[in-house]
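> got a structure for you, letters missing:
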C-alpha cells in the first residue's frame, strides 16, 4: 500500500467513518435548530414529565446531565454500529456488513437487551424513560467497548488479509 502501514490505513478509514457519524448528527441537530428558529419555536433542553405515561415520559425528574446523555447516546451507539459494520464488511463484503447491521437493528426492535446495540439508539428503551430500561452509562460503556474491540479486531484482521487477492 502506498499510504504507509496497514494500521494507519485502517485507523484512518475508521476515523473517517466516525467523522461521518458525527457529521451526520451535527447536521441533523443543526437542521432541527434552524427549523425551530424559522418557525419560532422555543428550544428547550428540559426533559419534563408529561401527563400521559404511555408516551415518552421520564420516570423521574431529569437533570441537564440526563439531557446531554439523551443527545449523546445515539451518536455513540451509531459510532459503535459503524465500527462493527466496518469489521463485518472487512471480513465478508460491504453488502454482508450492511445486512448484518440490518438484522441487528431489526432484532433490537423486538428484544430489549444490552446485547443488541440498536436498543441504545431508541430513547424509549432508555432507563431515563422506562423503569426497566437500559442504563445510559452502561450503554455508553458497552458502545465504547464495542468501538475499541472493533478497531482492534479490524487492525488485526487487516494486517493478515491479502487485499490483492480479494475481489
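Okay, I see it. Predicted model only: the values in this text are computed from it and were never measured.
> From now on I want contacts and neighbour counts done on CA atoms only, so please keep to that.
OK.
> Work out which residue lies at the spatial centre of the chain.
In the chain, the residue lying closest to the centroid (C-alpha atoms, centre = their mean) is residue 78, at 1.6 Å.
> I'd like to know how many residues surround the residue lying closest to that one once chain neighbours are set aside.
Distances taken as C-alpha to C-alpha, 6 or more residues apart in numbering put residue 21 closest to residue 78, at 6.9 Å, once the chain neighbours are dropped. Applying other C-alpha atoms under 10 Å, we find 17 residues neighbouring residue 21.
> swap in residue 20?
Counted with other C-alpha under 10 Å, residues neighbouring residue 20 total 14.
> Tell me which helix or strand it sits in.
Residue 20 is part of helix 6-38, with elements assigned from DSSP states H and E.
> buried ones in that helix?
If you call a residue buried by 16 or more other C-alpha atoms under 10 Å, then helix 6-38 has these buried ones: 6, 9-11, 14, 17-18, 21-22, 25.
> And the residues you listed, which is closest to residue 95?
For the buried residues of helix 6-38, the closest approach to residue 95 (C-alpha to C-alpha) belongs to residue 17, at 16.4 Å.
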